[in-house]
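Asker: model the following, please.
(chains A and B)
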Amino acid sequence: MADRDSFAYLDYNATTPPLPEVTAAVAAGFDIYGNPSSVHAAGRRARAAVEQARDAVAAMVGVTPAQVVFTSGGTESNALALKGIASASVFASAVEHPSVLAHVATENLIPVDSAGIIDLVALDARLSKAPSPALVAVMLANNETGALQPIARVVEIARKYGARVHCDAVQAPGKMAVDMGALDVDSLSLSAHKLGGLKGAGALVLRSGLEITALQVGGGQERRRRAGTENVLGIVAFGAAAAQTARLHGAMATVRRLRDDLEIAIVRVAPHARIFSQGVERLANTICVGLPGLSSDIQLMRLDLAGVAVSAGSACSSGKVTPSHVLLAMGVPESEAKCAIRVSLGWDTTVAETAQFLDVWRGLASSAAA
Amino acid sequence: MDLQKPREKARVVVAMSGGVDSSVTAALLKREGYDVIGLTMQLYDHGAATAKAKACCAGQDIYDARRVAERLAIPHYVMDYETTFKNDVIDRFADSYVRGETPVPCVLCNQTVKFRDLFKAAKDLGADALATGHYAQRLPGSQLHRAVEIARDQSYFLYATTREQLAFIRFPLGGLTKAQTRALATEFELHVADKPDSQDICFVPTGDYAAIVKKLRPEAARGGDIVHIDGRVVGKHEGVVHFTVGQRRGLGVGGEAEPLFVVSVDPDNARIVVGPKAALLRDSFALHSVNWLGEGTLPIDGVQVNVKLRNTHTPVVATVFGGDTAAAAHVVLNSPEAAVSPGQACVFYDGDRVLGGGWIARAPAGYALPHNLRGPRTAAISTGI
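Answerer: Take a look at the predicted model:
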């Protein structure tokens, strides 16, 4: 992986390489060994580093630092919101990340259309009969297709019924600007390693004044909203990455051109391939493509053996590839969902890398057609 | 390895279960310079193979396979075969039980998940061969032979492998003893070197087949009579699933002059028929789904072979006659055996060479006593992991 000359890393939605600024901040951060809760100078230094990072994360999404609760990442942030915000019923779109779906009863999943966009009529109907207060979880950008959800409309409907809205925005910063005030949601999940930070740090951003019940207790950290000694180095890295998002977003115009060119070439090589959510507003970096006739796991393996990193479906602890619940929710037949992969570009993806993908793709396309 | 290209250009997919045998297989091929790729099949969710919702979890075996692959520095992937394993192996295992048979799921697994699906995956990956850790030998001309260590030989479970499959499959451990394999695992510093051999059927880790079958096919738990071959009702039972032909224990029948064995299982009437040992003997039976690996086709006028009627059976002399179709055959034993169990495989040998085999068919419908022609089953289920 270190050798990007022969290795095409096209899996930025899974995780990103750390930004140079992050690597530098982490290197310097090794000297910050104090416990942020300690009263002495070493502790104060660590506390300062954490608060500086909190400022950067808060600024990234346009909130005040007190609204930011550091967590271990997106999964914990989603759990803290869905368990910690008082509600009588919890709803979510059917295409949420598994860390959201795990908290929602199947009958409370709101369907999506064939492009993966939440059915607002269905949402309205469900909320009108739901025990109040309801909590609705809708992601900002889908991790598999990149499709952006109409959060403003979701909030509008939710407000009619006094429901709260949690937004899993893990895939957005680094690829698109996020302004929590403009979204007007009650809580927002973030993850550092999706925007050039390190794994193991994330945040739940709360509407000012919104009370939550901590999941982890036994310490006063994070204003009693998340007990446990802070992951200082991870948080420092998160802050360093958050400070760079404007630059990353500036690179997205280039990424979008690269992505669009790649999509054109993908379909030219394999005319029977289908790109999902292509017709709706979506992240600039993401391609979700089905190649009927060749299963995703074989596609992934052949790409990997040729030095190209992409992914398919939902990642699983065993590494096995299962059909994407997102595509199934979009009404894609299972036989086709089993043949879909996700290619996700990043701010430093090169034409050489997309060309390397295309080289392998040609072989995949001919196998699929055989 | 009988491949038509230099080792470093030959891509070999190794089916890695996480056990010591397939781990050593991968290590040997890697040492010999092949382009080795490890594939591990996720077949079932431990303890939940039948009922619980599918969970996204890797068993210890998958972790072991992955760690071995890391140690060998070979690419390793996990493939999800849960659905096909459920349909082609577990459900058919349960159906076989419901029919009053004694199934051999390992043959089904080799026939379907391994040598159909994994076989295809290996081809899709551009492999020149698929290697497994089975103890069997594939000799030039794609002949299938027993392993050198007869006690470890798994050829019984491989009889259904077709010639086309054998052209592509390799069994690098067939010439080794298990002790040699373990020594190699230690030499390669594989952490699975001392991992115990798998026992029993992989998807029934507790060994309680009845519980699995009852969960999948509740009708197999219907109680009924235990009937002596002389017509007397001698007891009651709690489902045919608890009985296999040849079984002596657990009948709960006392006061008989001689020990009683299960002679046949009649699932339609939920009836267990018992009798003395002599009632188990049988000297001819039909086979279905026959695979012939000898020269030409199976002769209509018969060919003398040795047959194994279950994995642990010492081969006995028999004549096999080809049937109306290539998939049918009839076997006549030189002397009667008490181990002819419908659902088990009858595998043909010429010395060490496997000439094929087939499934032992149930006695024809309406096939009433005399008992000495009934289709008995053994008490033990053979596995060949």
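
Asker: A:Ser277 is in contact with A:Gly146, correct?
Answerer: Yes - using CB atoms under 8 Å, A:Gly146 is in contact with A:Ser277, at 6.5 Å. Bear in mind the C-beta positions are built from the backbone N, C-alpha and C, glycine included.

Asker: between these two, which contacts overlap?
Answerer: Common contact partners of A:Gly146 and A:Ser277 (CB atoms under 8 Å, 6 or more residues apart in numbering or on different chains): A:Cys288.

Asker: now the strands: where do they sit in the stretch 201-350 of chain B?
Answerer: B:224-228, B:233-237, B:261-266, B:271-275, B:282-292, B:303-308, B:316-322, B:329-337, B:345-350 (DSSP state E, counting those that start in this stretch).

Asker: can you list the strands that the third one pairs with?
Answerer: What it means is strand B:261-266. strand B:271-275 (antiparallel) (DSSP bridges).

Asker: give the contact list for B:Asp35.
Answerer: B:8-12.

Asker: mind listing what the one residue in the stretch 101-250 of chain B that gets nearest to chain A touches?
Answerer: Here the residue of the stretch 101-250 of chain B nearest chain A is B:Asp124; by CB to the nearest CB that distance is 4.6 Å. B:Asp124 makes contact with A:294, A:298, A:302, A:367 under the criterion CB under 8 Å, 6+ apart.

Asker: tell me, how many residues neighbour the third one?
Answerer: To tie it back to what came earlier, the one meant is A:Arg302. 19 (other CB atoms under 10 Å in any protein chain shown).

Asker: so it touches B:Lys123, yeah?
Answerer: No - in this structure, A:Arg302 is not within contact of B:Lys123 by CB under 8 Å, at 11.9 Å.

Asker: all strands for the stretch 1-150 of chain A, in order.
Answerer: A:8-9, A:68-71, A:89-93, A:109-110, A:134-137.

Asker: dump those strands into TSV; add mean neighbour count and mean pLDDT as well.
Answerer: Formatted as TSV, these follow (neighbours: other CB atoms under 10 Å in any protein chain shown; pLDDT from 0 to 100):
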stretch	mean neighbour count	mean pLDDT
strand A:8-9	22	98
strand A:68-71	28	98
strand A:89-93	23	98
strand A:109-110	22	98
strand A:134-137	26	98
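
Asker: quick one, domains of the chain?
Answerer: Since no chain was named, I'll use chain A. Chain A is divided into the following domains under automatic domain parsing: A:8-18+A:248-369, A:20-243.

Asker: wrong one, I was asking about chain B
Answerer: B:7-187, B:222-276, B:281-373.

Asker: chain center to the longest one, what's the gap?
Answerer: This means domain B:7-187. From the chain centre to the centre of domain B:7-187 is a distance of 13 Å (CA atoms, centre = their mean, to the nearest Å).

Asker: next: stretch B:229-248.
Answerer: 25 Å.

Asker: please enumerate the helices of chain B.
Answerer: B:20-31, B:60-72, B:82-85, B:91-98, B:105-109, B:119-124, B:163-168, B:178-187, B:209-216 (DSSP state H).

Asker: which residues of chain B score low on pLDDT?
Answerer: B:46-58, B:363-385 (pLDDT under 70).

Asker: who in it is up against chain A?
Answerer: Residues of chain B lying close to chain A by CB under 8 Å from any CB of the partner chain are B:37, B:42, B:56-58, B:62, B:66, B:75, B:77-80, B:121, B:124-126.
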